[in-house]
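Q: Below: sequence and its predicted model.
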Amino acid sequence: MEKTFDAIVIGSGISGGWAAKELCEKGMKTLVLERGRNIEHIKDYPTMNKAPWDFKYRGYITKSQADDNPFICRAAGYDDSTSHFFVKDADHPYIQEKPFEWVRGYQVGGKSLTWGRACARWCETDFTAPNRYGYGIEWPIGYQDIAPWYSHVEKFIGVCGSKENIETMPDGEFLPAYELNSVEQHLQETLATKFGRHYVSGRWAQITEPQKIHTEQGRAQCQNRNLCMRGCPFGGYFSSVTSTLPWAEKTGNLTIRPFSVVHSIIYDEEKQKAIGVKIIDTNTKEEIEYYAKIIFANASALNTNLILLNSVSKRFPNGLGNDNGLLGKYICFHNYRAGMSGEFDGYEDKYYKVSKPAECIIPNFRNVEEQDTDFVGGYVIFSGAGREKLSEKGLTETIGENFKEQISQPGKWSAYMYMQGETIPKESNHVRLSQEKKDQWGIPLLITSMDYDDNDDKMVKDFLEQGKAMLEAAGAQNIVTNENRQPPGLDIHEMGGVRMGKDPKTSLLNEWNQMHLCKNVFVTDGACMTSTGNQSPSILYMALTARAVNYAVDEMRKGNL
Amino acid sequence: MNRRDLIKNIAILTAASFVGADLFLVGCKSDKRDNFTPFDINFFDEVAETIIPKTETPGAKDAETGKFMALFATDCYNDTDKENLRKGITKMNEASENKFGSSFMEITKTQKQELLIVIDADAKKYNRQKREEEAIHYFTMMKQLTLLGFFTSEAGATQVLRYKPVPGKYEGSIPYKKGEKSWA
């Protein structure tokens, strides 16, 4: 196999796939390294067309599978129909100095196969608030820098949504939005009239109406099977496997090497830049070096931290580009620690057909114009309504013929809300390498040391109050709230550790996701994040990646890299 | 909702969750494997058929619900729940003996219905009053297993509920007439 390429991309997940696509389109011979197995669209979706009765335990996992995988089995979306897209706990140990449930999917496509698909944009406030209110450093870019790249990504992947002209959730290039059902419409009206807040159909990476660019990818309209995480035979939702990687492949410039865990990035002391990547073949344990002019690190937030920390040289004894000692620090995540639901009388003559792989969203309304709460940061609320299914609630019969008749009909309406909140980037929330323990390939284990804090608790309290007030105002009854107290990690939105910034003293990357101290290395996965914002981050990683590739290739052609 | 939305951690009942779905979560660790007998499976079938009888559409026995209940409890329950379920068979027979002078399998269809209505009411009362860490009533387990097994079976999903594996266009609001079935 060829050893030298124009570019190497570490990781084939949501951002790595984008790096590959953009680099290959620009004529770069590109090697994508993936530590897991290969996954091909459709061919490697073993459960995609299975009916509930085709699963021995009807989708549930057995006790022994749960006992063997106490952490990963708690990941959202993990069940008997999807578990093949998640790691097994025993295969990939790490050290939890503080509880952190690290959700990983080691295969071509990474977690883009099982992601949540929420695609709202950040607004200007999300970029400026951390510095303005003193809970973070200044982002080196603002909304206007990234807006055209959001458009670039949205058009290609297919994002549905409605144009709403909301300050805290900018509009994008949308395919038709999912309709609201009757109770969702009622909530929309209630929030608008009684709170001056928005309740709108969310923005999702679902093709609700395919455009030419989607059919060219071999993707078709979403059929609303709502089985996305098994892999979609229609290509109805976006993943690297469905979209970016096959697109890159068509250019003839792509090489994917699965079973290749990256040990480190190789730094050349004389050339004063990175010259390649050292991998270990996970099957043969052979060490191999690959070389390239530019390197994109897209291994997933914490693994990118791990690789950079493990990339030691004479020049960088503490990890690549880590003169300031901040590599691995300021890890942050999203606060998903509370939810609630309530029941609604009426609307008994209304139903919906059949299911949507989408939810509604209440954009952030906290700390936008000014600091107006006792916590910093904002949160969005995901919400939806539906009729109870197979619920005994409100039935007159408890067994028998009439019970069968009653329970097989849709029951009362209820609506739910759950929060997704910003957390504060803190130096104490960090990852580092174990000095003693190594994995089966001789790579140091990662130690996770991060936790929620008082600010998160205050935000949870505010969400619980506000959510309850909104549901009550809409006439909901029997509202049940839930604080799950879950450790970080289960949000699957870990970010930071290699943050962007203006000042090399306080950050690792510049405004182009380029390492301040090693100019031909770019980090465009979650590790680059300066703060978390309150919107789902994946589409921002994709946009940052496309923007960084554009810059990197320009710089390379100018001879600057 | 199948989105990666942590709903399962928030215990919301809008989607395809079953009553007390947290029952199915992880329990204590054990390698003990203790299979249910053919007698137990017949017993489960009889309980399930009393809860979901055959009408003009298939009933629990048509979907081999008893077999599923035994399989699911064997491989997915923790030991405590499994033991409670097993004891439930004995308890239900005792209740049947006390009320009708014969074991559950021997009493008439009408007597079975009568008995299960009483036990169901007892179970609901027990679950409301029990301490949080205590196991739920054995009959609640049997009922959950019945509903899960039957409505995810081919017969239950396609002939009793409305199963649309490829729904196509989503419509947010359609008229609903009393009697129309849930989407599977």
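A: Everything's here; your move. Since this is a predicted model, take the numbers as computed values, not measurements.
Q: and chain A, what are its domains?
A: A:4-118+A:227-333+A:427-451+A:490-557, A:175-202+A:334-422+A:452-483 (automatic domain parsing).
Q: pLDDT (mean, whole number) over stretch A:226-243?
A: What stretch A:226-243 shows for mean pLDDT is 98.
Q: So what's the gap between it and the chain middle?
A: Its chain's C-alpha centre and that of stretch A:226-243 lie 15 Å apart, by CA atoms, centre = their mean, to the nearest Å.
Q: Does it reach chain B?
A: Yes - for stretch A:226-243, a contact with chain B is found by CB under 8 Å from any CB of the partner chain, at A:226, A:227, A:228, A:229. In short, each C-beta sits where N, CA and C put it, glycine included.
Q: Counting neighbours, what do you get for the closest residue to the third one other than its chain neighbours?
A: So that's residue A:228. Spatially, and ignoring its direct neighbours in sequence, residue A:228 is nearest to residue A:237 (4.9 Å; CB to CB, 6 or more residues apart in numbering or on different chains). Neighbours of residue A:237 under the rule other CB atoms under 10 Å in any protein chain shown: 24.
Q: And residue A:237, its phi and psi?
A: Backbone torsions of residue A:237, given as degrees, to the nearest 10, read phi -120, psi 160.
Q: Enumerate every residue touching the one residue in the stretch 51-200 of chain A that gets nearest to chain B.
A: Closest approach between the stretch 51-200 of chain A and chain B, counting by CB to the nearest CB: residue A:179, at 3.0 Å. The neighbourhood of residue A:179, defined by CB atoms under 8 Å, 6 or more residues apart in numbering or on different chains, consists of A:201, B:170, B:171, B:172, B:173.
Q: Buried deepest among the domains of chain A, which one?
A: Most buried of the domains of chain A, by mean neighbour count (mean count of other CB atoms under 10 Å in any protein chain shown): domain A:4-118+A:227-333+A:427-451+A:490-557, with a mean of 22.
Q: so how far is the first residue of that one from its last?
A: Domain A:4-118+A:227-333+A:427-451+A:490-557 has its terminal residues 18 Å apart, counting by CA to CA, to the nearest Å.
Q: One more: stretch A:294-307?
A: End-to-end span of stretch A:294-307 (CA to CA): 16 Å.
Q: Now residue A:538: closest residue in space, sequence neighbours ignored.
A: In space, residue A:538 is closest to residue A:14, 5.2 Å off (CB to CB, 6+ apart).
Q: before we move on, the earlier item: distance to residue A:165 added to the domains of chain A, as CSV?
A: Shown next, in CSV, are the domains of chain A (distance: least, CB to CB, whole Å):
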stretch, distance to residue A:165
domain A:4-118+A:227-333+A:427-451+A:490-557, 17
domain A:175-202+A:334-422+A:452-483, 10
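Q: for the ones you listed, which one sits closest to residue B:143?
A: domain A:175-202+A:334-422+A:452-483 (8.2 Å; CB to CB).
Q: Just the CA coordinates for stretch A:339-354, please, in CSV.
A: Taking Å, rounded to 0.1, in the frame of the first residue of the first chain, the C-alpha atoms of stretch A:339-354 are listed here in CSV:
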residue,chain,number,x,y,z
GLY,A,339,-36.9,16.1,31.6
MET,A,340,-40.6,16.2,32.3
SER,A,341,-43.9,15.2,30.8
GLY,A,342,-47.6,16.0,31.3
GLU,A,343,-51.0,14.8,30.1
PHE,A,344,-53.5,16.7,28.1
ASP,A,345,-57.3,16.3,28.0
GLY,A,346,-59.1,16.6,24.7
TYR,A,347,-57.8,16.3,21.1
GLU,A,348,-59.4,12.8,21.1
ASP,A,349,-60.5,13.2,17.5
LYS,A,350,-56.9,13.8,16.4
TYR,A,351,-54.0,11.5,15.6
TYR,A,352,-50.9,11.5,13.4
LYS,A,353,-49.5,9.3,10.6
VAL,A,354,-47.3,7.4,11.6
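Q: And the contacts of stretch A:205-221?
A: Contacts for stretch A:205-221 (CB under 8 Å, 6+ apart): A:41, A:117, A:119, A:155-160, A:175-178, A:222, A:234-238, A:242-243, A:246-247, A:357-358, A:539.
Q: how about it: buried residues?
A: By neighbour count on 16 or more other CB atoms under 10 Å in any protein chain shown, the buried set for stretch A:205-221 is A:205, A:206, A:207, A:208, A:210, A:214, A:217, A:219, A:221.
Q: Can you name the two of the residues you listed that sit furthest apart?
A: Going by CB to CB, the pair spanning these furthest: A:208 and A:217, at 15.5 Å.
Q: mind listing what the closest residue to residue A:142 other than its chain neighbours touches?
A: In space, and not counting its chain neighbours, residue A:142 is closest to residue A:127: 5.1 Å by CB to CB, 6+ apart. With contact set as CB under 8 Å, 6+ apart, residue A:127 has these partners: A:139, A:141, A:142, A:143, A:533.
Q: Save those as CSV, and put in secondary structure too.
A: Formatted as CSV, these follow (DSSP: H, G, I helix; E, B strand; the rest coil):
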residue, secondary structure
A:139, coil
A:141, coil
A:142, coil
A:143, helix
A:533, coil
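Q: Columns pLDDT and distance to residue A:320 on top of those, output as JSON lines?
A: Shown next, in JSON lines, are the contacts of residue A:127 (pLDDT from 0 to 100; distance: CB to CB, whole Å):
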{"residue": "A:139", "pLDDT": "98", "distance to residue A:320": "22"}
{"residue": "A:141", "pLDDT": "98", "distance to residue A:320": "22"}
{"residue": "A:142", "pLDDT": "98", "distance to residue A:320": "27"}
{"residue": "A:143", "pLDDT": "98", "distance to residue A:320": "30"}
{"residue": "A:533", "pLDDT": "98", "distance to residue A:320": "26"}
